[in-house]
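A.B. asks: With the input below, show me the fold.
(chains A, B, C, D, E and F)
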There are 6 protein chains.
Amino acid sequence: MDNELTAENRRKLKEISTASVTTALFKRGLRNTYMQGPQRINPDAPRLVGEAYTLRYIPSREDLDTIDVFEDRTHPQRQGVEDIPEGHVMVIDARGDRSAASAGGILLSRMMVRGVAGVVTDGGFRDSGEIAEMNFSAYHVGPSAPTNLIKHRAIALNDPIACGGVGVYPGDIIMGDADGVVCIPAHLANKIAEEVFEMTAFEDFVQERVLAGHSTFGLYPPTDPQTKTDFAEWRKSNNR
Amino acid sequence: MDNELTAENRRKLKEISTASVTTALFKRGLRNTYMQGPQRINPDAPRLVGEAYTLRYIPSREDLDTIDVFEDRTHPQRQGVEDIPEGHVMVIDARGDRSAASAGGILLSRMMVRGVAGVVTDGGFRDSGEIAEMNFSAYHVGPSAPTNLIKHRAIALNDPIACGGVGVYPGDIIMGDADGVVCIPAHLANKIAEEVFEMTAFEDFVQERVLAGHSTFGLYPPTDPQTKTDFAEWRKSNNR
Amino acid sequence: MDNELTAENRRKLKEISTASVTTALFKRGLRNTYMQGPQRINPDAPRLVGEAYTLRYIPSREDLDTIDVFEDRTHPQRQGVEDIPEGHVMVIDARGDRSAASAGGILLSRMMVRGVAGVVTDGGFRDSGEIAEMNFSAYHVGPSAPTNLIKHRAIALNDPIACGGVGVYPGDIIMGDADGVVCIPAHLANKIAEEVFEMTAFEDFVQERVLAGHSTFGLYPPTDPQTKTDFAEWRKSNNR
Amino acid sequence: MDNELTAENRRKLKEISTASVTTALFKRGLRNTYMQGPQRINPDAPRLVGEAYTLRYIPSREDLDTIDVFEDRTHPQRQGVEDIPEGHVMVIDARGDRSAASAGGILLSRMMVRGVAGVVTDGGFRDSGEIAEMNFSAYHVGPSAPTNLIKHRAIALNDPIACGGVGVYPGDIIMGDADGVVCIPAHLANKIAEEVFEMTAFEDFVQERVLAGHSTFGLYPPTDPQTKTDFAEWRKSNNR
Amino acid sequence: MDNELTAENRRKLKEISTASVTTALFKRGLRNTYMQGPQRINPDAPRLVGEAYTLRYIPSREDLDTIDVFEDRTHPQRQGVEDIPEGHVMVIDARGDRSAASAGGILLSRMMVRGVAGVVTDGGFRDSGEIAEMNFSAYHVGPSAPTNLIKHRAIALNDPIACGGVGVYPGDIIMGDADGVVCIPAHLANKIAEEVFEMTAFEDFVQERVLAGHSTFGLYPPTDPQTKTDFAEWRKSNNR
Amino acid sequence: MDNELTAENRRKLKEISTASVTTALFKRGLRNTYMQGPQRINPDAPRLVGEAYTLRYIPSREDLDTIDVFEDRTHPQRQGVEDIPEGHVMVIDARGDRSAASAGGILLSRMMVRGVAGVVTDGGFRDSGEIAEMNFSAYHVGPSAPTNLIKHRAIALNDPIACGGVGVYPGDIIMGDADGVVCIPAHLANKIAEEVFEMTAFEDFVQERVLAGHSTFGLYPPTDPQTKTDFAEWRKSNNR
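C.D. replies: Numbers count the residues shown, from 1 in each chain, chains lettered A, B, ... in the order given. Model prediction:
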């Protein structure tokens, strides 16, 4: 499919920032692509980049959501953990409710072992102490010990969902870093990756100049023509 | 289907209160059936009772949600208004976001004319001045002028949804009065209607006694055996 | 007790506004006397003035707070309704949680019949449709159908409590109008009643002048000496 | 100035709805023009339309904001009330904080008498019972008794401000109805008034058809060519 | 007393997680035992386990809560710090208000020296930089510099209280880890400790299998009979 | 100017805590000086002390706030970064809205290089991963990737502003540590620095005694005369 993220662009997305990506999306009129709330649990985990695979929760009901629901292999939370393709990101719509867990250490371990790229919820994870030490990209709003049945019923896999106030469609590209998580519409991902990779070279150049004492005027944005000349030279000498 | 609400019980639900219904559901272990947020717009409209027909929104996206989406007859908001069966209640999952409208006067008018029982959103309606004067049961969190495209994309009809923090399944019985809206699981609706209709007779008796100066002790709850005797007599003489 | 509110001052408090009272308390260094949240349910009920009689709630627990707790006559909610003295105001600390009811129509009716001055909660009441038509002063944050056991356990009577972010001590004077509810520390109530009654005469004079087209400069506050002369005359001719 | 609202368009704005205006602004790419929070106090007051005259508050400080600040005629709240031009709307940036009043009955009376079009705050007014009966358009988030000094310091007149999450520049056109308040950028006001006046004729036609039993399909939006023909006839016969 | 936590079970509670405990409590119908908000300040401090000793705050009042209240040895905050028994946990009901401190470094140091097990508030602590380096278990919602008198008045010791939305009775067992704090009703603590200790062995086995590449199906929950056989062997060979 | 902070007192402010400063301000009747929300990003950066230089944001508008606004050297955000004097603190009024960034790594780097003391916002910064490693004092509510144009328009430099619920006037002394940020009115800064420096010596003495096992009674506050004698000796032997 022509929307498919190329290997090259997947690599580029791992070297650029969510901040820069939101700027490129803003230039295309997209203002609501950053998820409000989810933050990284483990700073040492790999950078998060992958296709969205969604899991939708609704409020649980006492007569339906008893402890034995998990015995059913078609229960969406349990099935999703086994079905999500390698390299994808599980994105959970927890309605922004972190008063009970979205998932915990065992399910995240299973996804890590299966080669999943990471997991994002606008709720919270339990076992957050262990998760913080896993080599797995996990983003949540904050820890939450209670079993998810107390508030959540997993109702569907791969629906378009809301997560952190952003509309997420299966296959959108999810990307995360220290600032949090951004959702890039699938049809834009390759273009954004390329454009922002270039932008990032320029920003690295600007940052270097600023640290060397240059004023931001004329430099950022590059309204002084000299800036463009300097940048061209910098790229050559820095192989960027 | 054996879950179907009988005409008799539909009538009973129109004469009892959401408050009493939450008590009966609580006695069965159901603690989360009242929607937090939605309130009645028009006190003079008929009492709200009907089967849930759901409409799910996710956050809109600028490139997808342009003004011409409504030209598509399969757009879930527009299709839902034409398809919802007579006597049903449209329940909208607006993610509790009232910063843009869930719908407005024209769509509500169309549903009213089609014989729909009412509409509930955990967001807000526009044209709320007109809606307040329609003979149609509408519940929202508060007015909201902006067109729904600014925040919402209608994504699906008749999914199980969240509304006001409650899980709502298509076919559940939605009931509203001055206190707001309660969702009765479909399989319990007939039993609840019958049980609460009886409870209500007792509460009317209690209220009458209290206004006549009786202490609540022994009367409410009826721990004094005399209360039960008195109630039996009261029912007879009041034809309840 | 010398803090006791005189009959004359109780009458005066019924003729002045919560707004003016907060100003007089502010002049004495008291900045936090207005309850954030509670609003009047029934505008036609008598003005609320009375001594605080408090009821404290904590979160309920499923094993303790079953429907039969009300059979116990020492249950604080039920006992309070029978014990609160005539002319007092029941003030409920619901922790600002209106997701379940603080009380309902029957208990409020009992208090009305017993001569209680009114009731205030920083949560919500059920049966709010009926309460809106009772001749009884009730203030809450908004309607709430669920039985209180779902969230609240009545734990104590006449503790000092929080209500709407204000510290309330039993015996403080509670006063309500269209703006909401203010709590006057018991030891200040007589002085405040007298002082604000005078302030109110001046404000009525100001309002009359303003409606007649006077500038507020020099008038409000009365920095122009003529204002004081005019006010003195106005009082005489208006018997204030 | 060419941005000046014509008398004809001021009249038109009084006959159209904030809902329709947000749609027209959305079509021009403006998504954030409706103030979140402020609601109408008095439904019987005239429709709110007028130029924004702004008043900005910051948090008060105990050593600066004593009761005697009002003796200074240059105090922005007091000066603004005397200086705001006839036909304008005072828009108060209260930082969305309604825990103390933005203003009260006397100042609103003065503005009413001076011919001011109305007042909007994203906080609350005191004396809300009286204001509800004044023939003056006032919008707030809810009542608030405490004197404004407890939380607010009036710091500037006619700064660009935030109100209800919207950027408001002096001279923008403020418009209010039952749904709340919208801010129309000054340079767009004449165009929006004209365009929405036309849109409204069409929506009135649609509403009439819907109440007569027509489906919304083809009618709203008018994808069926017959709709346009019918509308042309309706305008003629209804003089619209 | 037969509710008393045994030394063995106190030790077990230090080796299991709050997450697992909420599941065991959920199985008994207890859904609201995890405190929403409080998080661990110092990850290197000992695991938190101990009996609740409560301290209740209400909003302060300027005329009562002056800096010299602390000179009174019966002031509940100061008395509590000296009276709380060794091994207990001070649980503070700060009404979820972290805008002023619940306590600071000196009082926490005193409790640490006295052998108190830890401290929990649903507000915030001041001196949080120092506390983060103390060998003492402290949980709060976040730092808060202002002296507690600005918002809080310590009003009572060992009342049943609310903390983080949970009802806490003196003597309940408070337990904390990286996910936060759970309150175990006193009468269940021994049973929960034993049951969850067993559950934890199983979860450790599951985690090991998952990391080795096993599917969660049949394993978690152990619907495949082989899982139970494997677990029995694992326990033997791992001495669990 | 006599309000100017002396070099000696600037040094003292770097050795005392925001917690102690709020107490000293409270003793003078100032209760609202601590900013609710902003927290330190980089614990290893220098202690924050400096004069406030303010930057005020209002909500952005799509037609005004396009990506090219930054080309204008008078754009307040960009101009402020170049104009803020050495040793000052940039304080940003972001209306508590962290849904888009207040600024990012490049602008903070420029301020760091220019000798600015630090930066505070009641919103969030982007590039928070890099900022966490800069040798520069930055305080925000949490990370935020989106470009500030999405929500904010920089509108003015050196207005009195609100930040974290506190009124901040240009020239006030801003001070930050692990607990967050406090704003000291300019005219009090020298006195507060001296007074709290003394208070801190006493608190260090108290802390030492408490860690050595002393009761807080008589010691903190020093109601036992022996405490004052002991403290005098401690100062001498510790050169404080």
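
A.B. asks: The residue of chain A found nearest chain C - how many residues pack around it?
C.D. replies: Distances between chain A and chain C by CB to the nearest CB are smallest at residue A:62, namely 10.4 Å. Using the backbone N, CA and C atoms, a C-beta is placed for each residue, glycine as well. By the criterion of other CB atoms under 10 Å in any protein chain shown, residue A:62 has 18 neighbours.

A.B. asks: Leaving out chain neighbours, which residue sits closest to it?
C.D. replies: residue B:29 (4.9 Å; CB to CB, 6 or more residues apart in numbering or on different chains).

A.B. asks: Hmm, the residue of chain A closest to chain C is touching residue B:26, no?
C.D. replies: No. If you go by CB atoms under 8 Å, residue A:62 and residue B:26 don't touch, sitting 10.1 Å apart.

A.B. asks: which helices and strands sit right next to the longest strand along chain A?
C.D. replies: In chain A, taking DSSP state E as the definition, the longest strand is strand A:48-59. With contacts taken as 3 or more CB pairs under 8 Å, 6 or more residues apart in numbering or on different chains; DSSP states H and E, strand A:48-59 sits against helix A:76-83, strand A:88-93, strand A:118-121, strand A:152-157, strand A:161-163, strand A:173-177, strand B:161-163, strand B:166-168.

A.B. asks: ok, now with 7 Å
C.D. replies: If you count contacts as 3 or more CB pairs under 7 Å, 6 or more residues apart in numbering or on different chains; DSSP states H and E, strand A:48-59 packs onto helix A:76-83, strand A:88-93, strand A:152-157, strand A:173-177, strand B:161-163, strand B:166-168.

A.B. asks: To chain E, which of the ones you listed lies closest?
C.D. replies: Per CB to the nearest CB, nearest to chain E of the helices and strands packed on strand A:48-59: helix A:76-83, 6.0 Å.

A.B. asks: Any part of that closest one near chain B?
C.D. replies: No. Applying CB under 7 Å from any CB of the partner chain, one finds helix A:76-83 out of contact with chain B, separated by at least 11.2 Å.

A.B. asks: pLDDT at the closest residue to chain E within chain A, what is it?
C.D. replies: Chain E sits closest to residue A:129 of chain A, with a gap of 3.0 Å, by CB to the nearest CB. Per-residue confidence (pLDDT) for residue A:129: 97.

A.B. asks: Please apply the same query to residue A:62.
C.D. replies: 97.

A.B. asks: tell me the contacts of it?
C.D. replies: B:29, B:30, B:31 (CB atoms under 7 Å, 6 or more residues apart in numbering or on different chains).

A.B. asks: What's the PyMOL line that selects buried ones from those?
C.D. replies: In PyMOL, this line selects whichever of the contacts of residue A:62 come out buried by 16 or more other CB atoms under 10 Å in any protein chain shown:
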select buried, chain B and resi 30+31
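
A.B. asks: Against which helices or strands is the host helix or strand of the residue of chain A closest to chain E packed?
C.D. replies: Element membership for residue A:129 (DSSP states H and E) is helix A:128-131. Judged by 3+ CB pairs under 7 Å, 6+ apart, helix A:128-131 is in contact with helix A:105-113.

A.B. asks: roughly how far is the helix it packs on from the heart of the chain?
C.D. replies: Centroid displacement of helix A:105-113 relative to its chain, using CA atoms, centre = their mean, to the nearest Å, is 17 Å.
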